[in-house]
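**Student:** dropping a prediction and its sequence here:
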Amino acid sequence: MKKTASYQVNYIYSPSYYSSMIIVIGGRAGAGKSTVARLLAEKLGYKHYSMGDLLRQLAQKKGISIVEMNRLAEMDASIDAELDERQKRLGKEEDNFVIDGRLSALFIPHATKLFLDADPNVRAQRIAGDRKRAGGESKKIGKAAASIIEREKSESKRFLACYDFDPYDTGAYDRVIDTTSMPAEDAVAGIVEMVEGQKKSSYKFLR
């Protein structure tokens, strides 16, 4: 059984800390990372970045389509390396933005890091765009959920080997949000409340 991360929170007064904020949204496929990140950025008036956006920008720079870019990335490790560097630069050079990505917590460690999770069947439904749970559809969803879990196990091994970082280890994050029965708008409202509470207190917390 996987251990649940526990944190000891120390409060340190820092008037300048909340003059800027970076929020990383990580989590599992189908948990709502991109949707929550986009809506959160809109609500806070922040910029929004996603790994998909960064990949598209890189494709435009090279003058190729996003499909061609993905194929190229499978054969050329330098593309992932460039995306990694872009995330690092964002964390060093920009403030007041939300970014969603599996490795963003690794490359922008000083950000407020949130992990989105949800029941595997619910995530499979969201990915498939199918909200029905009746009849034969439940079997299909069950198979899809099992496939997603296996894929994530494989990704954990791959990222641990490449980066010494598991994108699905919640210990790397400040808070875990279960979106199983939570609409994206409600998740965003909760995050905004948390962020505003931190700003008002003008305190910095460290794990």
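**Tutor:** Ah, there it is. Numbers count the residues shown, from 1 in each chain.

**Student:** what is the mean pLDDT for the lengthiest helix in the chain?
**Tutor:** The single longest helix within the chain, with elements called by DSSP state H, is helix 137-163. Helix 137-163 shows a mean pLDDT of 84.

**Student:** all strands for the chain, in order.
**Tutor:** 10-13, 22-27, 47-50, 97-100, 112-117, 175-178, 203-206 (DSSP state E).

**Student:** which one, of those strands, ends up nearest to Ala161?
**Tutor:** Closest approach to Ala161 among those (C-beta to C-beta): strand 22-27, 18.8 Å. Bear in mind the C-beta positions are built from the backbone N, C-alpha and C, glycine included.

**Student:** tell me the buried residues in the longest helix of the chain?
**Tutor:** Ile141, Ala144, Ala145, Ile148, Glu152, Phe159 (16 or more other C-beta atoms under 10 Å).

**Student:** pick out whichever of those sits closest to Leu39.
**Tutor:** Ile148 (23.1 Å).

**Student:** the closest one and Leu106: what is the separation?
**Tutor:** Ile148 sits 22 Å away from Leu106, going by C-beta to C-beta, to the nearest Å.

**Student:** in stretch 28-44, what counts as buried?
**Tutor:** By 16+ other C-beta under 10 Å, the buried positions in stretch 28-44 come out as 28-41, 44.

**Student:** which one of these sits closest to Gly101?
**Tutor:** Using C-beta to C-beta, these come closest to Gly101 at Lys33, 8.1 Å.

**Student:** just the pLDDT for the closest one.
**Tutor:** 94.

**Student:** tell me the contacts of it?
**Tutor:** Residues near Lys33 by C-beta atoms under 8 Å, 6 or more residues apart in numbering: Ile25, Gly26, Gly27, Asp100, Leu116.

**Student:** return the residues in contact with the fourth one.
**Tutor:** The contact partners of Asp100, taken as C-beta under 8 Å, 6+ apart, are Val24, Ile25, Gly26, Lys33, Ser34, Val36, Ala37, Tyr49, Ser50, Met51.

**Student:** my read: Asp119 touches Met182, true?
**Tutor:** No. Judged on C-beta atoms under 8 Å, Asp119 makes no contact with Met182 at a distance of 11.2 Å.

**Student:** any idea what the residue nearest the centre of the chain is bridged to?
**Tutor:** In the chain, the centroid-proximal residue (C-alpha atoms, centre = their mean) is Gly26; its distance is 2.0 Å. On the basis of DSSP bridges, Gly26 is bridged to Phe115.

**Student:** for Asp100, name its beta-bridge partners.
**Tutor:** Ile25, Ser50.

**Student:** buried residues, stretch 82-92. List them.
**Tutor:** Leu83, Arg86, Gln87, Leu90, Gly91.

**Student:** pLDDT added to these, as JSON lines?
**Tutor:** Compiled in JSON lines, these are given as follows (pLDDT from 0 to 100):
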{"residue": "Leu83", "pLDDT": "89"}
{"residue": "Arg86", "pLDDT": "90"}
{"residue": "Gln87", "pLDDT": "93"}
{"residue": "Leu90", "pLDDT": "94"}
{"residue": "Gly91", "pLDDT": "95"}
